[in-house]
Every structure is written in C-alpha cells, then in structure tokens.
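Engineer: Following is a predicted model, sequence given first.
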Amino acid sequence: MFNIFKKPKKELSEAQKIEILHKNAEEMCDKFFAEKFSHFGLQEYRYNAKEAVEELGLDEDMIWQLVDDYVAQIIKAIIQFDAYLEKLQNSQDNQRELDYTPFRELAHKNLGVARNLRIKDAEALLYDLMREDDLKHLLACLEALKVCAIKLSPKCAYNTIKLIKVKNALDT
C-alpha cells in the first residue's frame, strides 16, 4: 500500500498520490470491518467530528487539527507496534514467555487519544490490541488501524509516511 513512493511509470502529482492512498485505505478499511472485524458493527462507520466538538467543547477546526496529530501519532506508533510484535513472535518461536506489556502500554496510550476524539474504529481496534494474545489477530488489528488512520486524514498520513521515509534514508 505504501508503494506510492516508488517511481511510477507515469509521474503522478502529490494530489493524485494522496487520492490513490485514500481510495486504497477506504477499500481496505471497509474490507477489514466487513470480514475480520464484523463483530465490531462498524461496517458503515465514518468519522464525524461533530460528536467530539459537542462533547469536548472545541471548535471543528481544532478537532481536525487534533485528528491530524492523532493520525501522525498512529502512523509513527505502527513502527513501534511492529517492533514489539516481532519480539513477541521471536519469543513465541523460541518457546519463551511472551511479554505483552510494552505492546499493551503503547495501545493504551493511543486508545486514550482515540477515545477523546471519539474515533470509534480506532477505539475498537486499540482495545483489541490491549487484550488479545493471538499474534495473527494483533497483526490484523495493526493493519486495520493503519488503513483507518490513513482514511481519516489521507494528506496527513501521506506527509507523515513521506517524512518517515526521508528520515530512514538519512539514517542509513
């Protein structure tokens, strides 16, 4: 899904890349909630900032700024989640005790933000990340969380992914 940063045959504008990213994220998010996570009852869910505006007493522009911050935070957290998941998989493969603590603490931290902003799909997925032990299920939750964050604010997600790629290139 993040192959949008590879050189295409025909050069795409940034707006076209963001639109492709958004379309792919919407399709994948809908598929996750129709199939793997149908029990959440979020098949038709679309984020509505009005609920957060009413409950938090902030204006809609401020809520959308906070949503963008959340999306950037989740995209960055996915890297940490992946590292923790890899450690868990290695422990499982080597028949060692699995320590879910750092993984669950990261999920808890992000769950608080999702709850405050009333982002229902993220709430459900992060809650599952905090309580489930099945590594395949956790991986599916992470994939769904990532595409739902992208769907929520594709331009912010695109810019965050782009910055991560630049930073990684500079670090090597």
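Structural biologist: That came in fine, so what should we check first?

Engineer: check contacts around I74.
Structural biologist: Residues in contact with I74 (CB atoms under 8 Å, 6 or more residues apart in numbering) are 110, 122, 145-146, 149. Every residue, glycine included, has its C-beta placed from N, CA and C.

Engineer: Distance of it relative to E54?
Structural biologist: Distance, I74 to E54, by CB to CB, to the nearest Å: 23 Å.

Engineer: ditto for L98
Structural biologist: Computed as CB to CB, the L98 to E54 distance reads 41 Å.

Engineer: of those two, who's got more company?
Structural biologist: Comparing L98 with E54 by neighbour count (other CB atoms under 10 Å), the higher total belongs to L98, at 14 against 10.

Engineer: In contact with the more buried one, which residues?
Structural biologist: With contacts taken as CB under 8 Å, 6+ apart, L98 has the following neighbours: 88, 91-92, 133.

Engineer: can you list the weak-confidence ranges in the chain?
Structural biologist: When the per-residue scores of the chain are filtered using pLDDT under 70, the ranges that remain are 1-9.

Engineer: looking at it, which residue lies furthest from center?
Structural biologist: Among the C-alpha atoms of the chain, the one farthest from their average position, using CA atoms, centre = their mean, is that of Q95, at 29.5 Å.

Engineer: Buried residues, stretch 132-147. List them.
Structural biologist: Within stretch 132-147, the residues that count as buried by 16 or more other CB atoms under 10 Å are 132, 138, 140-147.

Engineer: export these to JSON lines and tack on distance to I18?
Structural biologist: As requested, the buried residues of stretch 132-147 are arranged in JSON lines below (distance: CB to CB, whole Å):
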{"residue": "E132", "distance to I18": "32"}
{"residue": "L138", "distance to I18": "28"}
{"residue": "A140", "distance to I18": "25"}
{"residue": "C141", "distance to I18": "25"}
{"residue": "L142", "distance to I18": "22"}
{"residue": "E143", "distance to I18": "20"}
{"residue": "A144", "distance to I18": "20"}
{"residue": "L145", "distance to I18": "19"}
{"residue": "K146", "distance to I18": "16"}
{"residue": "V147", "distance to I18": "14"}
